[in-house]
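> take this sequence and fold it.
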Amino acid sequence: MMLISLLFSFLAVITPSSKTIAPWADLERHADEVKITPYLADDSRNAPTVIVCPGGSYHWLDVKGEGIEVAEWLQDNGINAVLLQYRTAGLGSFIWHYRFLFRGRKHPDMICDVQRTIRYVRENADSLGIDPDRVGVMGFSAGGHLAMSSACFSDRDYTNLPQGPSEVSLRPDFVGAIYPVVTMNGEYAHKRSRRGLLGEWGVYSSRKRDLMSIEENIPQDCPPVFLINCKDDPVVDWHNSVILDEALTDAGVRHKYILYETGKHGFGVSNIYGSPECRKWRDEFLVWLSELYE
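Residues are numbered from 1 along each chain as shown. Sure, this is the predicted structure:
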């Protein structure tokens, strides 16, 4: 019962701001499902922009704790944030497994939404008042997998817009992966996120599991990555981030990895959840991001 209660709290209808944009509205496609909400810093044109992807096992979204609160924290620290509420498999698919019979929502819907957001933000940079050349993606848990996916698969335009491929880059300028899901294979895979992303049948496909295992798909032009997790994480096995750190190191990608002993999972930018140790990630990220643009 506690799990179901938590799920409904994640799925509660939240309207973060009157500025919320439906990036697919011009195509009347996914307009009610996908929302982006800018939280602009006072000096927005001189600040980097972070697209925020909440977690939720690719089945739902923790819009408040890993979305709104993160965006407001970035804004308060002089960084532009754009909260992305992307498509997920949904609570129904989690309970009833109906995607054995119907497609539902699964890959590539999620990466399609984050690419649409990157494209929208860069194409509308002037009206938003931001720098299109300093746009990154930060994600938590499954959202961390999505953030890394945006870096790994930026050479393929999933948005399939009628005006053709994007004229702006779909590659994020940096990535923040906070206690991320990484691998779709082996004992460290987070099975709920894997099912949410790949679907009921897709989890049995080794090709699809390999395709969406981040550690197997680090590109040569991968942007800088900030990566943290906790060794006592009871949800996503902490080895996921170790695997990603090793893959980034092997590929020669500029990155910073911090493994905390305590903090567990799902703490976002909270002053209550997690631990005093893991809450240090916030200051570490701010320093890391400022050093990128010195």
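> surely A125 is in contact with P132?
Yes. Between A125 and P132 there is a contact at 3.8 Å, judged by Cβ atoms under 8 Å. No exception for glycine: its C-beta is placed from N, CA and C like everyone else's.
> list the contacts of R99.
With contact set as Cβ atoms under 8 Å, 6 or more residues apart in numbering, R99 has these partners: A89, S93, K106, G199, E200, W201.
> did I read that right, it in a helix?
Yes. Under DSSP: H, G, I helix; E, B strand; the rest coil, R99 falls within a helix.
> run a quick neighbour tally on the closest residue to A71 other than its chain neighbours.
Distances taken as Cβ to Cβ, 6 or more residues apart in numbering place A81 nearest to A71, at 3.8 Å, with adjacent residues excluded. Burial of A81 is recorded as 27 neighbouring residues (other Cβ atoms under 10 Å).
> so A81 bridges to which residues?
Bridge pairing for A81 (DSSP bridges) gives the partners Y39, V50.
> what residues are up against it?
Counting by Cβ under 8 Å, 6+ apart, A81 makes contact with P38, Y39, T49, V50, I51, V52, V70, A71, E72, L74, Q75.
> report the contact partners of the fifth one.
Contacts for I51 were tallied using Cβ under 8 Å, 6+ apart; they are 36, 81-82, 84, 114, 117-118, 121, 135-138, 172.
> show me those that map onto helices.
V114, T117, I118, V121 (DSSP state H).
> near the second one, how many other residues are there?
What it means is T117. For T117, using other Cβ under 10 Å, the count is 27.
> can you give me the strands for this protein?
All strands of the chain, identified by DSSP state E, fall at 35-39, 49-53, 80-85, 135-140, 175-178, 225-230, 255-260.
> coming back round to it: and the contacts of A81, which of them are buried?
For the contacts of A81, a burial check counting by 16 or more other Cβ atoms under 10 Å picks out P38, Y39, T49, V50, I51, V52, V70, A71, L74, Q75.
> residues touching the third one, list them.
With contacts defined as Cβ under 8 Å, 6+ apart, T49 is in contact with I79, N80, A81, V82, V121, I130, D131, R134, V135, G136.
> the fifth one against S127, yeah?
No. Taking Cβ under 8 Å as the definition, V121 is not a contact partner of S127, at 10.5 Å.
> so which of these two has more stuff around it?
Shown here are V121 and S127; by other Cβ under 10 Å, V121 has more neighbours (23 against 7).
> what's the spacing between that one and A247?
27 Å (Cβ to Cβ, to the nearest Å).
> and N217, how many residues sit next to it?
By other Cβ under 10 Å, 16 other residues sit near N217.
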